[in-house]
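>>> coords please:
(one chain, ligands or ions: 1)
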Amino acid sequence: EKDGYAHYMEKEIYEQPRALRNTMTGRIDEAGQKVVFPDLQLPAETIRSIEKIYIVACGTAYHAGLIGKHVIESLARIPVEVDVASEFRYRRPLFGPNTLTIAVSQSGETADTLAAMREAKRNGSVVLAITNVVGSSIAREADEVITTNAGPEIAVASTKAYTSQLIAFYLWGMYLAQEKAALAPAEIASLIQSLQQLPGQVEDILAHAQQLRQFAEAIKDERHLFFIGRGIDHAVSMEGSLKLKEISYIHSEAYAAGELKHGTLALIEEGTRVVALSTQDALHEKMISNITEVKARGANVLGITHEDHVDLHRSVDDVCLIPKTDALFTPVLAVIPLQLIAYYTSVVLGNDVDRPRNLAKSVTVE
Ligand code: M6R
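Okay, the predicted model is just below:
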């Protein structure tokens, strides 16, 4: 059932192109001009009146939510707050009459996320679930559901569920923008075109996966690592760091690159490994400065960037190139090398990749 792959995690990493296509299927009109959600019942009037959005989720789904915030705010211009589900109901969140809550969960059974969405419902909020499991508790209790259709995810470390959740957020953000007329039809059509190229671009990255096996060999004895990035690259760094901790047991921290100099830079010494993400053209120069700061303290840096910034070679020790896409869509591509780094490191260390210690696939206690 692993289809010749050594682990479920490897299989699921390689299933991503198909999973992403499946998340898009039936949600783009035939002409490729509009986003459609045939299953959603939400009246157009309700959609147009949304004034605020909460996203609640845990772990990897929370990291997808952080990207979702960038996407919805930038495309539909609606303010979004993202909360770790286990914290949400204890902070007495503020609900207005037009607040939408989005609960994100691969399994649809996570107790913390379920409790957070119940809190939202109690406060009169409409709840939209983004989940991979049809008929799950979260799907049943939500008012509306967007299924990710990524297929069963068995490995504890989530991979294809995350990238499919990102696709769901892109579609939802574009849909809101379209219904609110926050974007011109031509802008939506052009985003749809870039979105449809993502599965093929993920295939291109996976074709060069072996390159990252060497990096895994190089970091296997490290005690700690840093992942740095700005904007959505910071959110992707958080996911890369979680993945590595979860299955390699090597400690790492994800940092907003500009924030390092406010304290964490003290931890950088000769040979400290840093993975630096720079996928955003508007932030590239600033990232180079931050990379220079860590290099000056002796860091060994792997840079991840897209094809237009080959010049990054001059500032780092190694470069991993990803294909170019729209600025908002880079997380789908940038996370692939990070998943592979975590996977290969776990393999090299001889860990139980699919069933890491102390963890369960679905966390049904609060
Ligand atoms: O099933 P869910 O998406 O609700 O699960 C949430 C987290 O428990 C989950 O993403 C966890 O962080 C993963 N093991 C990360 O790889």
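
>>> how many other residues sit next to whatever residue of the stretch 201-350 of the chain ends up closest to the ligand?
Proximity to the ligand, evaluated over the stretch 201-350 of the chain using C-beta to the nearest ligand atom, is greatest for E246 at 5.5 Å. No exception for glycine: its C-beta is placed from N, CA and C like everyone else's. Residues lying near E246 (other C-beta atoms under 10 Å) number 19.

>>> that one contacts T159, correct?
No - checked against C-beta atoms under 8 Å, the pair E246 and T159 is beyond contact range at 11.1 Å.

>>> name the SS class of the closest residue to P199 other than its chain neighbours, please.
Distances taken as C-beta to C-beta, 6 or more residues apart in numbering place P17 nearest to P199, at 4.0 Å, with adjacent residues excluded. At P17 the chain is in helix, as set by DSSP: H, G, I helix; E, B strand; the rest coil.

>>> what does the pLDDT read for P17?
pLDDT, P17: 98.

>>> test my guess that it contacts V202.
Yes - using C-beta under 8 Å, P17 is in contact with V202, at 5.0 Å.

>>> shouldn't D29 be in contact with V36?
Yes - the criterion here is C-beta under 8 Å, and D29 meets it with V36 at 5.4 Å.

>>> between the two, who's got more neighbours?
Legend: neighbour count by other C-beta under 10 Å for D29 and V36, higher for V36 (14 against 11).

>>> so how far is Q106 from the more buried one?
Per C-beta to C-beta, to the nearest Å, V36 is found 24 Å from Q106.

>>> can you check A266 too?
Distance of A266 to Q106, given as C-beta to C-beta: 37 Å.

>>> give me the more crowded residue out of those two.
Q106 (30 against 9).

>>> what does the pLDDT read for the more buried one?
pLDDT, Q106: 98.

>>> looking at P17 and V202, which one has more neighbours?
Higher neighbour count among P17 and V202: V202, with 24 against 19, using other C-beta under 10 Å.

>>> okay, now the one residue in the stretch 251-366 of the chain that gets nearest to the ligand: neighbour count?
Here the residue of the stretch 251-366 of the chain nearest the ligand is V363; by C-beta to the nearest ligand atom that distance is 4.9 Å. Per other C-beta under 10 Å, the neighbour tally for V363 reads 16.

>>> can I assume it is in contact with T113?
No - counting by C-beta under 8 Å, T113 is not a contact partner of V363; they are 9.2 Å apart.

>>> what's the neighbour count on D317?
A count of neighbours around D317, defined by other C-beta under 10 Å, yields 14.

>>> report the contact partners of it.
Contact analysis of D317 by C-beta atoms under 8 Å, 6 or more residues apart in numbering lists N300, V301, L302.

>>> now the helix or strand hosting the last one: how far from the chain's centre is it?
Meaning L302. For L302, the element it lies in under DSSP states H and E is strand 300-306. Counting by C-alpha atoms, centre = their mean, to the nearest Å, strand 300-306 is centred 18 Å from the centre of its parent chain.

>>> show me where the protein has its helices.
8-14, 16-24, 44-49, 59-76, 85-88, 111-122, 137-141, 160-179, 185-206, 211-219, 232-248, 284-296, 330-348 (DSSP state H).

>>> can you list the ones you listed in TSV and add distance to R357?
Listed next are these as TSV, based on distance: least, C-beta to C-beta, whole Å:
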stretch	distance to R357
helix 8-14	15
helix 16-24	26
helix 44-49	44
helix 59-76	16
helix 85-88	21
helix 111-122	21
helix 137-141	27
helix 160-179	21
helix 185-206	28
helix 211-219	19
helix 232-248	10
helix 284-296	31
helix 330-348	11
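
>>> nearest to D354, of those?
With C-beta to C-beta as the measure, helix 8-14 is the member of these nearest D354 (4.8 Å).

>>> so what's the model's average confidence on that closest one?
On average, helix 8-14 scores 98.

>>> the ligand contacts on the stretch 251-366 of the chain?
Within the stretch 251-366 of the chain, the positions adjacent to the ligand are S362, V363 by C-beta under 6 Å from any ligand atom.

>>> coming back round to it: what's the angle from the strand holding L302 to helix 211-219?
Orientation check (axes from the mean of the first three to the mean of the last three C-alpha atoms, to 10 degrees): strand 300-306 against helix 211-219 gives 160 degrees.

>>> who does strand 300-306 pair up with?
Using DSSP bridges, strand 300-306 pairs in its sheet with strand 273-278 (parallel), strand 318-322 (parallel).

>>> good, we can wrap up now.
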